[in-house]
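**Q** build the 3D model from these lines:
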Amino acid sequence: MSDQSAHWDAVYQSKKPGEVSWYRPHLDRSLAFVEHLGLAPAAGIIDVGAGASTFVDDLLDRGYTNLTVLDLAAAAIETSKQRLGSRAERVSWVVGDVTGAALLEAGYDFWHDRAVFHFLREPEARQRYVAQVRRALKPGGHILVATFGPQGPERCSGLDVVRYDAAGIHGEFGPDFERLDSLTEVHATPWGSEQQFVYCLCRVGTPSPT
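**A** Numbering: from 1, shown residues only. Model prediction:
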């Protein structure tokens, strides 16, 4: 087990889902983007760094049938499986680092990341992440990334983060990603403090020749 895996397993083993700062009962903003895009029920959707969020539950409730959930922490995956019960069999589960996990090539129509990208402090890690997105998304597929905004926390769960505005998020992905929409959200933690999140929605096209 890597140090990162051990760190996040310890977080999810020591805290209930509702005791982490980023917890929301439902990811309303993310779900609104999905609904706006009008994705087909069979669309391939991957939630990276999902933790124990209920995003997958709500997608199942909306009739989506091709869902993948990825997280570095096996404990978080197990929590979600137990919560879903028999419905967990309808989801593909991946325990691993998003920058190196074996994902389907051109297998996904929608890539969702709420609060993973801002933990990638090293440029090389961000480059591996972007390469994964390019490989895993279908041409014309969409990616939604949400990070701490410029007025958001500088640290989370004992780790330093990188804060972004929407232009900064988009800039990490390059010109073959078309920025479609963005918004800023003030997230209320379970104990009542506030965190600024920035969401950026992009569509990937065919890379330009070099």
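
**Q** show me where this protein has helices.
**A** Taking DSSP state H as the criterion, the chain carries its helices at 3-14, 28-37, 55-61, 74-84, 123-136, 166-173.

**Q** and the contacts of the fifth one?
**A** This means helix 123-136. Contacting residues not belonging to helix 123-136 are listed as 46, 98-101, 103-108, 111, 117, 120, 143, 172-174, 176, 204, 207 [C-beta atoms under 8 Å, 6 or more residues apart in numbering]. Using the backbone N, CA and C atoms, a C-beta is placed for each residue, glycine as well.

**Q** comparing the helices of the chain by mean pLDDT, which bottoms out?
**A** The minimum mean pLDDT among those belongs to helix 3-14 (a mean of 71).

**Q** and the strands in this structure, which stretches?
**A** 44-48, 66-71, 91-95, 108-114, 137-148, 155-156, 159-160, 177-188, 194-204 (DSSP state E).

**Q** how far does the first one sit from the chain's center?
**A** So the one you mean is strand 44-48. 8 Å (C-alpha atoms, centre = their mean, to the nearest Å).

**Q** so which elements touch that strand?
**A** helix 55-61, strand 66-71, strand 108-114 (3 or more C-beta pairs under 8 Å, 6 or more residues apart in numbering; DSSP states H and E).

**Q** of the strands of the chain, which stretch is the most buried?
**A** Mean neighbour count (mean count of other C-beta atoms under 10 Å) peaks for strand 44-48 among those, with a mean of 25.

**Q** direction included, what does that one pair up with?
**A** Applying DSSP bridges, strand 44-48 is found paired with strand 66-71 (parallel), strand 108-114 (parallel).
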